[in-house]
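Colleague: give the three-dimensional model of this entry:
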Amino acid sequence: MSIHPSAIIAPGAIVPASCTIGPFCTIGPEVVLGEDCTLISHVVLDGRTRIGARNVFHPFCSIGISPQDLKYGGEPTLTEIGDDNTIRESVTISRGTVGGGGITRLGSGCLLMTCAHIGHDSQVGSHCILANAATLAGHVIIEDYVTLGAFCPVHQGCAVGKYAFVGGGTIVTQDVLPFSKTSSRRENSAFGANSVGLERRGFGPERIKALQKAFRLLLVSKLNTTQALEKMRELDGEDVALLVAFIERSHRGVIK
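Modeller: Numbers count the residues shown, from 1 in each chain. Down below sits the predicted model:
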């Protein structure tokens with residue numbers, strides 16, 4: 001096992017021999033690391049934190065730290081992280097709270113850039129990118145394959161749907177439609193299907209065309225949301241059905 005002599009690993013922590021622990025890292029007594037993880041330097045892993053394999057933690061990130069919630073009283077809540085994530089400098093991930101379900105999750109294959117923050121009880125899917133200083137308040141849901149641009153704050157309780165692309169500097173106060181491009185040129189707006197991103201993810205022309213038709217009904221027709229949903233239900237395809245279901249279950253309303 002490669003452990004720098006300045007690192008501090010508390011008794012009780014589980015650190016496989018395949019891991020590399022760099023200088024001035026601290027690992028708390030209830031942390032469980034998976035195989036082949038790398039802590040470059042000055043990394044803090046704390047709380048009841050379960051981490052999968054092949055994750056790379058860059059300097060000064062803090063994972064599983066106590067939530068920024070005045071109601072938190074030291075309860076034994078959780079942080080779970082999947083495999084193959086890259087967590088860059090000064091990223092913070094807070095553990096859950098009793099009132100919010102007790103667990104903060106990050107999936108697999110994600111890139112969290114410098115100073116990104118995942119607040120307590122947030123649920124982040126797999127293959128997501130949170131650019132520099134993207135910030136999730138508590139109880140946020142980020143579905144799979146989402147890209148959040150730099151300096152995007154996401155309001156507590158919001159959801160961002162699968163394959164959504166959110167432009168830099170967008171203040172997210174309502175749910176972001178799956179498959180969409182959403183940005184704040186003047187005010188927050190959805191600009192139709194994220195066609196380029198979907199194509200890169202292997203979506204064929206027919207799938208993209210069906211989504212573009214659904215977005216035209218929702219965003220540029222003269223139909224209200226209820227009327228647009230009625231028309232969208234008539235369209236074929238699982239992607240359109242997922243888009244409709246997302247809108248129907250939204251509690252905060254969606255950005256149109």
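
Colleague: show me how this protein divides into domains.
Modeller: Per automatic domain parsing, the structural domains of the chain span 2-139, 198-249.

Colleague: can you tell me which of these is nearest to Gly161?
Modeller: Proximity to Gly161 (Cβ to Cβ) singles out domain 198-249 among these, at 5.0 Å. (Glycine included, C-beta is placed from N, CA and C.)

Colleague: quick one: end-to-end length of that closest one, please.
Modeller: 23 Å (Cα to Cα, to the nearest Å).

Colleague: any idea how far that domain is from the middle of the chain?
Modeller: 23 Å (Cα atoms, centre = their mean, to the nearest Å).

Colleague: what about Pro16, neighbour count?
Modeller: Neighbours of Pro16 under the rule other Cβ atoms under 10 Å: 13.

Colleague: so it makes contact with Val32?
Modeller: No - with contact defined as Cβ atoms under 8 Å, Pro16 does not reach Val32; the gap is 9.5 Å.

Colleague: quick one on the thing from earlier: winner for burial among the domains of the chain?
Modeller: Using mean count of other Cβ atoms under 10 Å, the stretch among the domains of the chain with the greatest mean number of neighbours is domain 2-139 (a mean of 20).

Colleague: sorry, back to before: now the domains of the chain as a markdown table including distance to Ser184 and mean pLDDT?
Modeller: Output for the domains of the chain, formatted as a markdown table (distance: least, Cβ to Cβ, whole Å; pLDDT from 0 to 100):
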| stretch | distance to Ser184 | mean pLDDT |
| --- | --- | --- |
| domain 2-139 | 14 | 97 |
| domain 198-249 | 16 | 94 |
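
Colleague: residue contacts, the closest residue to Val254 other than its chain neighbours?
Modeller: In this structure, Val254 finds its nearest non-sequential neighbour in Asp175, 4.8 Å apart by Cβ to Cβ, 6 or more residues apart in numbering. Going by Cβ atoms under 8 Å, 6 or more residues apart in numbering, Asp175 touches 158-161, 246, 250-255.

Colleague: inside strands: which ones of these?
Modeller: Among the contacts of Asp175, the members found in strands (DSSP state E) are 159-160.

Colleague: what ranges does the stretch 101-250 of the chain have for its helices?
Modeller: 195-200, 205-215, 225-232, 238-249 (DSSP state H, counting those that start in this stretch).

Colleague: can you pull the contacts of the nearest residue to Val140 once chain neighbours are set aside?
Modeller: Nearest non-adjacent residue to Val140, counting by Cβ to Cβ, 6+ apart: Ser122, 4.4 Å away. When contacts are counted by Cβ under 8 Å, 6+ apart, Ser122 touches 104-105, 136-142.

Colleague: how far away is Lys231 from Pro205?
Modeller: 22 Å (Cβ to Cβ, to the nearest Å).

Colleague: and for Gly109?
Modeller: 26 Å.

Colleague: ditto for Gln156
Modeller: According to Cβ to Cβ, Gln156 and Pro205 sit 38 Å apart.

Colleague: next, the distance between the ends of stretch 206-224.
Modeller: 26 Å.

Colleague: and the contacts of it?
Modeller: By Cβ under 8 Å, 6+ apart, stretch 206-224 touches 177, 179-180, 190-193, 195, 198-199, 225, 228-229, 231-232, 235-237, 239-240, 243-244, 247, 256.
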